[in-house]
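[1] predicted structure and sequence below. I'll ask about it afterward.
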Amino acid sequence: MLLRGRSRLALMLVLGTASLSWARSKPCILPEDADKFINKDVCVNAHVYEVVQLPDGTRFLDICTPETPDEGCRFTIVSLEQDHDEVGELLKYRDTDVHVRGIVQPLHGRSGIMLSHARQFYGGPPKFRPNPKLLREFSGDQSRPPVSDPNLRSHGGHRAFMNVRDQEPLPKSAAPAK
């Protein structure tokens, strides 16, 4: 009976800790307030009225009412053609409320979020994109590493974990029998 009491206490402790972490999560903001969070990772709660696709494959989630003129719409959600496979089909979000997590960026006079992965609809992070400034003068067909790390250099000659001349001979009694 004492074991059951301890396991019940441990379960209550785990559930209590989890509920506290859920209570601390920030609520989603409205699209009208997004321009106050430029370069911040936030969740935006919006209603998708239409999904617009450009000839180059770029897709927009239109979150402004049909009565709002284009210059009056101050927030947008953009998905590039190169991210189509990771984002998936966006037409299923038409006429629904969505929660999209991402970094609010200034986009041609308005603020917006770049939608690069479907997990952003469920609070996950955008797709990782390497910094192009760190990849200068490197291509995949080179045999050298992309960074100049002294620990990756050979320092002359072949190095091994254990050189043959450093090995000690086994005693005759410990030699394996043939």
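    Yes, it's here.
[2] what are the ranges of the strands in this structure?
    41-48, 50-53, 59-62, 75-79, 96-107, 110-114 (DSSP state E).
[3] any chance of the ones you listed in TSV, with distance to Ser143, mean pLDDT and mean neighbour count too?
    All C-beta atoms are positioned from the backbone trio N, CA, C, and that covers glycine. What follows is these, written out as TSV (distance: least, Cβ to Cβ, whole Å; pLDDT from 0 to 100; neighbours: other Cβ atoms under 10 Å):
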stretch	distance to Ser143	mean pLDDT	mean neighbour count
strand 41-48	38	94	18
strand 50-53	42	93	14
strand 59-62	40	94	20
strand 75-79	37	93	22
strand 96-107	36	93	16
strand 110-114	35	92	21
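[4] looking at these, which is nearest to Lys127?
    strand 110-114 (9.2 Å; Cβ to Cβ).
[5] now that closest one and strand 75-79, what's the angle there?
    In terms of direction (axes from the mean of the first three to the mean of the last three Cα atoms, to 10 degrees), strand 110-114 departs from strand 75-79 by 30 degrees.
[6] ok, residues contacting strand 110-114?
    The contact list for strand 110-114, computed with Cβ atoms under 8 Å, 6 or more residues apart in numbering, reads 34-35, 38, 44, 73-80, 100, 102-106, 120, 126.
[7] still on that earlier bit, make TSV from the strands of the chain and add distance to Pro130 to it.
    Putting the strands of the chain into TSV (distance: least, Cβ to Cβ, whole Å) gives the following:
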stretch	distance to Pro130
strand 41-48	18
strand 50-53	27
strand 59-62	23
strand 75-79	20
strand 96-107	16
strand 110-114	15
